[in-house]
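J.: Structure for this input, please:
(chains A and B)
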Amino acid sequence: MSTHTITVTVNGEAHTQEVEARLLLVHLIRENLRLTGTHIGCDTTHCGACTVLLDNVPVKSCTLFAVQADGRSVRTVEGLEGAELSAVQQGFKAEHGLQCGYCTPGMMMTATALLERNPAPTEGEIRAAISGNLCRCTGYVNIVKSIQHAAEQMRAAKGASPGVASGARETVATT
Amino acid sequence: MIPSAFDYAAPASLDEAIALLRAHDGDAKILSGGQSLIPMVKLRLAAPALLVDINRIPGLAYVEERGGALHIGALARESDLEMSTVVRARYPILFDTARVIADPLVRNSATICGNVAHGDPGNDHPATMIALDASFVARGPKGTRTIRARDFFLGLFTTALAQDEILTEIVIAQPKARSGGAYFKLERKVGDFATAAVAVQITLDASNGCAQAGIGLTNVGPVPIHASAAGDFLLNKPLDDGTIAQAAQLAADAAEPTEDRRGNAAYKRDIVRVLAGRALRLAARRAQGLDLPSTEGRA
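T.: You can find the predicted model right below:
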């Protein structure tokens, strides 16, 4: 059994930890770093409640060892909020994109990654993007509306003050 | 779920990785995308002594056409296939296959080579690689060798790879003019393994006869199945409704399904027949430059 000293940057802050190789990233986040916004749902790579962004790409943190994140950057739901709620968080609030809230952190991380890559997704693209995040309450209608709301807000903010919205986070433009 | 304890190494080169595999004599596993291996070790269906993480080895994450072939490196992710314009334009069967594997989050991590090397007959790329007549490059202590996809799958979770070999690359010859392919999968829900799935790759001649046909079947037997009788039947025939129906029936005859929660054997066999017909029709249209994948669903 090997242990490893790793440094993972979570929401901009570097954390150095000694971990067993078998420690899953989700346990590093929740138990070692006490960031419990990231949830564990199925623990079998199906539900997406544990979704985090690894170098800005959404992945299921129950299906990745913490040691694999050594030297890399992780974003969790706690990192979404700046001075105010992020556009995605505001969208979920405005459009009632949650009921019990269990899937919500994962949904919002997937939605955040989607909108950073594709600022104007179609409904089909939104539904495809969240197809690895299961919600057992809402039937997805309001979640899709929440993401559409966030996309509109982000585009409006960008239009109103060019460069500011995209400068605020590491936006990867794709066309 | 906590896996059994294991040692972990992240070598910086393939040679180092191979030396680790060799030193552990069958008790080490390669960790690439980890989307099959990590669930298995969590469920304690596997308990290797050592995981050899190849993700830190540079130069393995590519999907590119060169020298008349498409090359897919060991660390190319499923999402790379979905994003590739070359794949959409010339290898639509690979696009079809990637986008029905698991879900988008899994596909951001999962590798194509891992999907193949895992040897699971429920995985989707094996049938597609059989249809395409792809080759797999295996590297071991004695150097590299090439194994045809059609000779690679030996049994349930058993492949032609030796325990100290790594599948470093998939090579697919660039399809001739007037070629097309398609992959059709029936799944109960997003992320499920196939009830059954069919991969078809064909080339048409100048008079729309079938000059070449490869057909592979997913999850209807202990290994991915090469439906060679169905492919051979199509040669030099026009792809009309009657010919397609007969070939689809031959593909169904090649299936060896067993009953499980996804259906009984007769049902799965009939699903193969139906999906083979659909895949042949779409492959034929694509061979004529029609119905290539759109950009919808890129996200």
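J.: those helices in chain A, which residues are they?
T.: A:25-27, A:87-94, A:104-117, A:123-129, A:141-160, A:164-168 (DSSP state H).
J.: Among those helices, which comes closest to residue B:25?
T.: helix A:25-27 (29.7 Å; CB to CB). Bear in mind the C-beta positions are built from the backbone N, C-alpha and C, glycine included.
J.: What about the nearest residue to residue A:135 once chain neighbours are set aside? Give its phi and psi, please.
T.: Leaving out its chain neighbours, the residue that sits closest to residue A:135 by CB to CB, 6 or more residues apart in numbering or on different chains is residue A:103, at 4.6 Å. Residue A:103 adopts backbone torsions of phi -80, psi -10, taken as degrees, to the nearest 10.
J.: Any figure for the gap between residue A:103 and residue A:130?
T.: Distance, residue A:103 to residue A:130, by CB to CB, to the nearest Å: 9 Å.
J.: cool, residue B:259 as well?
T.: 33 Å.
J.: for residue A:144, same thing?
T.: From residue A:144 to residue A:130 the distance is 8 Å (CB to CB).
J.: The two: who's more crowded?
T.: residue A:130 (27 against 19; other CB atoms under 10 Å in any protein chain shown).
J.: List the contacts of the more buried one.
T.: Listed by CB atoms under 8 Å, 6 or more residues apart in numbering or on different chains, the contact set of residue A:130 reads A:48, A:107, A:110-111, A:114, A:140, A:143-144, A:147.
J.: For the residue sitting nearest the centre point of chain A, give me the pLDDT.
T.: The centroid of chain A falls nearest to residue A:109 when counting by CA atoms, centre = their mean (1.8 Å). pLDDT for residue A:109: 98.
J.: so how far is chain B from it?
T.: Counting by CB to the nearest CB, to the nearest Å, the gap from residue A:109 to chain B is 9 Å.
J.: Point me to the residue of chain B nearest chain A.
T.: Residue of chain B nearest chain A, by CB to the nearest CB: residue B:103 (2.9 Å).
J.: That residue reaches residue A:131, doesn't it?
T.: Yes. Under the criterion of CB atoms under 8 Å, residue B:103 makes contact with residue A:131 at 5.2 Å.
J.: Spit out the residues that contact these two alike.
T.: Contacts common to residue B:103 and residue A:131, judged by CB under 8 Å, 6+ apart, are B:190-191.
J.: returning to what we had before: quick one: closest of the helices of chain A to residue B:13.
T.: helix A:25-27 (25.2 Å).
J.: Show me what that closest one is packed up against.
T.: Secondary-structure packing of helix A:25-27 (3 or more CB pairs under 8 Å, 6 or more residues apart in numbering or on different chains; DSSP states H and E): strand A:51-54.
J.: which other residues reach the strand it packs on?
T.: By CB under 8 Å, 6+ apart, strand A:51-54 touches A:25-26, A:29, A:38, A:58-61, A:64, A:69, A:72-76, A:105-107, A:109-110, A:112-113, A:132-133, B:105.
J.: Okay, domains of chain A per the record?
T.: A:3-79, A:82-157 (automatic domain parsing).
J.: Which helix or strand in chain B has the lowest average pLDDT?
T.: helix B:85-90 (a mean of 94; mean pLDDT, DSSP states H and E).
J.: List of residues touching that one?
T.: So helix B:85-90 is in contact with B:63-65, B:70, B:81, B:94-95, B:98, B:174-175, B:292-293, B:295, going by CB under 8 Å, 6+ apart.
J.: residues of that helix that come out buried?
T.: B:87-88, B:90 (16 or more other CB atoms under 10 Å in any protein chain shown).
J.: Do you have the strands of the stretch 101-250 of chain B handy? List them.
T.: If you assign secondary structure with DSSP state E, counting those that start in this stretch, the strands in the stretch 101-250 of chain B sit at B:135-140, B:143-148, B:153-155, B:158-159, B:166-173, B:179-186, B:196-204, B:210-218, B:225-226.
J.: returning to what we had before: who's in contact with the residue nearest to the centre of chain A?
T.: A:51-53, A:58, A:75-77, A:80.
J.: Buried among those residues? Make that a ChimeraX selection.
T.: In ChimeraX syntax, the buried subset of these is picked out as below (16+ other CB under 10 Å):
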select /A:51,52,53,58,75,76,77,80
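J.: Wait, residue B:69 touches residue B:170, no?
T.: No. Taking contacts as CB under 8 Å, residue B:69 lies outside contact range of residue B:170: 9.7 Å.
J.: Could you check which of the two is surrounded by more residues?
T.: The neighbour comparison of residue B:69 against residue B:170 (other CB under 10 Å) goes to residue B:170, with 27 against 14.
J.: Can you tell me how far the nearest residue to the more buried one once chain neighbours are set aside is from residue B:132?
T.: Distances taken as CB to CB, 6+ apart place residue B:72 nearest to residue B:170, at 4.2 Å, with adjacent residues excluded. To residue B:132, residue B:72 is 11 Å away according to CB to CB.
J.: Overlap in contacts, those two.
T.: With CB under 8 Å, 6+ apart as the test, residue B:72 and residue B:132 both reach residue B:172.
J.: Could you check which of those two has the larger neighbour count?
T.: Legend: neighbour count by other CB under 10 Å for residue B:72 and residue B:132, higher for residue B:72 (28 against 25).
J.: returning to that earlier point: what touches both of residue A:103 and residue A:130?
T.: The contact lists of residue A:103 and residue A:130 share residue A:48, where a contact means CB under 8 Å, 6+ apart.
J.: Let me see the contact set for the residue of chain A found nearest chain B.
T.: Proximity of chain A to chain B (CB to the nearest CB) peaks at residue A:132, 2.9 Å away. Applying CB under 8 Å, 6+ apart to residue A:132 gives the contacts A:48, A:51, A:60, A:110, B:102-106, B:190-191.
J.: Any chance of TSV for the residues you listed, columns distance to residue B:164?
T.: Compiled in TSV, the contacts of residue A:132 are given as follows (distance: CB to CB, whole Å):
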residue	distance to residue B:164
A:48	36
A:51	36
A:60	30
A:110	39
B:102	29
B:103	33
B:104	34
B:105	32
B:106	28
B:190	37
B:191	33
